[in-house]
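Trainee: The following block contains a protein sequence and its predicted model.
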Amino acid sequence: MQYILEPHKGSTEHSLRKGALGLLDSAIMAVAGSAPAYSITASTAALIAAVGLAGPAALLIAFLPMTGTTIAFSYLNLWRSDAGAAYAWVGRAIHPALGFIAGWALLSLSTIFMVAAALPAGEATLDLVAPGQLHNVLWATAIGTLWFLGVLALVTLGITATAKVQAVLTLIEVAAVILIGGLAIWHSRMAPAAAFSWDWFMPSRFGSFNSFSAGMLVAIFYFFGWDVSSNLAEETKNAKQTAGFGGIAGVLVIFALFLLAQVAIQMALTSDEIQVNAANLLPALGHVALGQPWSAIAVLTVMVSAVATLQTQLLQCTRLLFSMARDGVIGQPMGWLHPRFQTPWLAGIAVAFVSLVLFAASATVPSLNQLMSELINAIGVQVSFYYALVGIACVWYYRHLLFTSWKIFVLAGIVPLTSAFFVASVGLYELPQLGFRVSAISMGTILIGIVPLCYYRRLYKSSFYTDPPESAKITQMS
């Protein structure tokens, strides 16, 4: 008895550059997508505000469903390596309209995320060249916009050039986080702001369920981004295995970095220092770990990380739009490839236009800390929705095989379903707690997707909506 997975039939005469990425490239993209230094800088204060010293426990618990989600991505890649990833999987396995909304959710949260990523890059630049303007929202937004446009130009040049730059940036980032975190723990061990305790890793440390749930939402935001490796599958060698393994390897690396930095911050910085530097925590940790003038390394690391994650988010959005355009569910120009670089250049321009509008709106918010907090929470809810759909799609696609093998039952059934239930529960529980503005941003931008869904479905009459759903089949072989 063999398990036969139906092949992906969506090829066209124009395609992305095949075989440009290997397993190491895929793993590096996954690490860069989660942007460890950026996530630590932008999110740790929010995590500590939610759970106090239980930050390591929150990261440890969130790591479990996140690993389950990487396994779901891996199994779905075995079926169909598609630049649209979740959009294609949910649409072909469950329902085409739900697949479109899954893709739109990723476009929405990635566009918002690019603003949240560019702001720390702008703030870190100010820290180096104009420290007196460090918390100036207008200047941070303006410089972040320039970083964003530079990254857009690089992404347009092609996946090979992008991957080479990304490898250098990510290796620098990982080494710097290890150096800063390790030295901060070493220097603070004799007189720590908070004495290290294994209790930090225990679920009993959470003060209440509300605290636990709020911490989970922030922790989910920490991990988001590794799934870019699946959107790059069509440009990856041996894509069915490599893209999935790359995502799993990336999550393991970022989890270790997050734990190291969380412990270092809790030991090295007081509550007041964390609050004052809420959107600039890794540089603050760098002052403890390295002192002047070497603390500039931490500032540069944040800049590198923010640029790297901008790069991966642009890659993810443009590849998703390419796949949707190829299937005829969104404007066909989004699938146009640059004749030389084989990149969806017009899709990049479209994403850039929307992002620039959001940058302009961000410049009107009075406080960077407030802005980052609202963006993190809004993105966290959207990520919960997006990852939950992928977990459910995995179980539904493999439903006919679940009782044929314990491995498939556990890894393609129980693990993805449990992970989907967990992240969905966190998002649904937190949504009413976040206030009207954050709730409107998180869910309103997803629901807007119903408009292009209906418009392009009527305009193109794509077979994506009429082809029968797919599932893994059992075929008797002689």
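Mentor: Alright, I've got the coordinates.
Trainee: neighbours around Leu138, how many?
Mentor: 12 (other CB atoms under 10 Å). C-beta: built from backbone N, CA, C; applies to glycine.
Trainee: in a helix, that's where it is, yeah?
Mentor: Yes: the assignment for Leu138 (DSSP: H, G, I helix; E, B strand; the rest coil) places it in a helix.
Trainee: Report the distance from the one helix or strand Lys407 maps to to the chain centre.
Mentor: Using DSSP states H and E, the element containing Lys407 is helix 406-409. Computed by CA atoms, centre = their mean, to the nearest Å, the chain-centroid distance of helix 406-409 equals 28 Å.
Trainee: Report the buried residues of that helix.
Mentor: Ile408 (16 or more other CB atoms under 10 Å).
Trainee: pLDDT on it, on average?
Mentor: In this model, helix 406-409 carries a mean pLDDT of 95.
Trainee: okay, now the residue nearest to Gly449 when sequence neighbours are not counted: neighbour count?
Mentor: Nearest non-adjacent residue to Gly449, counting by CB to CB, 6 or more residues apart in numbering: Trp104, 3.2 Å away. The number of residues packed near Trp104 is 24, by other CB under 10 Å.
Trainee: now the one 3 residues further on
Mentor: Counted with other CB under 10 Å, residues neighbouring Leu107 total 24.
Trainee: cool, Pro333 as well?
Mentor: 13.
Trainee: again, but for Leu337
Mentor: The number of residues near Leu337, taken as other CB under 10 Å, comes to 17.
Trainee: Could I have the CA atoms of stretch 396-407 written out in CSV?
Mentor: Presented in CSV, the C-alpha positions along stretch 396-407 are these (Å, rounded to 0.1, in the frame of the first residue of the first chain):
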residue,chain,number,x,y,z
TRP,A,396,-8.4,18.1,6.3
TYR,A,397,-6.1,17.3,3.3
TYR,A,398,-4.7,14.2,5.0
ARG,A,399,-8.0,13.0,6.5
HIS,A,400,-8.2,9.9,4.4
LEU,A,401,-4.8,8.7,5.6
LEU,A,402,-5.0,9.5,9.3
PHE,A,403,-5.8,6.0,10.3
THR,A,404,-3.3,4.3,8.0
SER,A,405,-0.2,5.2,9.9
TRP,A,406,0.5,6.4,13.4
LYS,A,407,3.1,8.8,12.1
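Trainee: buried ones in that stretch?
Mentor: For stretch 396-407, using 16+ other CB under 10 Å, the buried residues are Trp396, Tyr397, Tyr398, Leu401, Leu402.
Trainee: I'd like the residues you listed written out as TSV, with distance to Gly348 added.
Mentor: What follows is those, written out as TSV (distance: CB to CB, whole Å):
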residue	distance to Gly348
Trp396	33
Tyr397	31
Tyr398	34
Leu401	39
Leu402	40
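Trainee: Now for Leu169: which residues touch it?
Mentor: By CB atoms under 8 Å, 6 or more residues apart in numbering, the residues touching Leu169 are Ala32, Val304, Ser305, Val307, Ala308, Gln311.
Trainee: any idea which element the third one lies in?
Mentor: Right, Ser305. helix 296-326.
Trainee: Would you mark the buried spots in that helix?
Mentor: 296-326.
Trainee: which is the next helix or strand following that helix?
Mentor: helix 345-362.
Trainee: Which elements pack onto that next one?
Mentor: Counting contacts by 3 or more CB pairs under 8 Å, 6 or more residues apart in numbering; DSSP states H and E, helix 345-362 is packed against helix 96-129, helix 137-156, helix 296-326.
Trainee: average pLDDT across it?
Mentor: pLDDT averaged over helix 345-362 gives 74.
Trainee: now do stretch 433-444
Mentor: 86.
Trainee: Next, the residues that contact that stretch from outside, please.
Mentor: Against stretch 433-444 from outside (CB under 8 Å, 6+ apart): Ile112, Asn210, Ser213, Ala214, Glu374, Asn377, Ala378, Ile379, Val381, Gln382, Leu431, Pro432.
Trainee: one more time with 7 Å
Mentor: Glu374, Asn377, Ala378, Val381, Gln382, Leu431 (CB atoms under 7 Å, 6 or more residues apart in numbering).
Trainee: The fifth one: what's it in contact with?
Mentor: Residues in contact with Gln382 (CB under 7 Å, 6+ apart) are Ala105, Ser108, Leu109, Ser442, Ile446.
Trainee: in terms of contact, does the first one touch Ser384 like I think?
Mentor: What it means is Ala105. No: judged on CB atoms under 7 Å, Ala105 makes no contact with Ser384 at a distance of 10.1 Å.
Trainee: related to what we said a few turns ago, and of the contacts of stretch 433-444, the nearest to Val423?
Mentor: Val381 (10.1 Å; CB to CB).
Trainee: Provide a list of residues in contact with the closest one.
Mentor: When contacts are counted by CB under 7 Å, 6+ apart, Val381 touches Gly427, Glu430, Leu431, Ser442.
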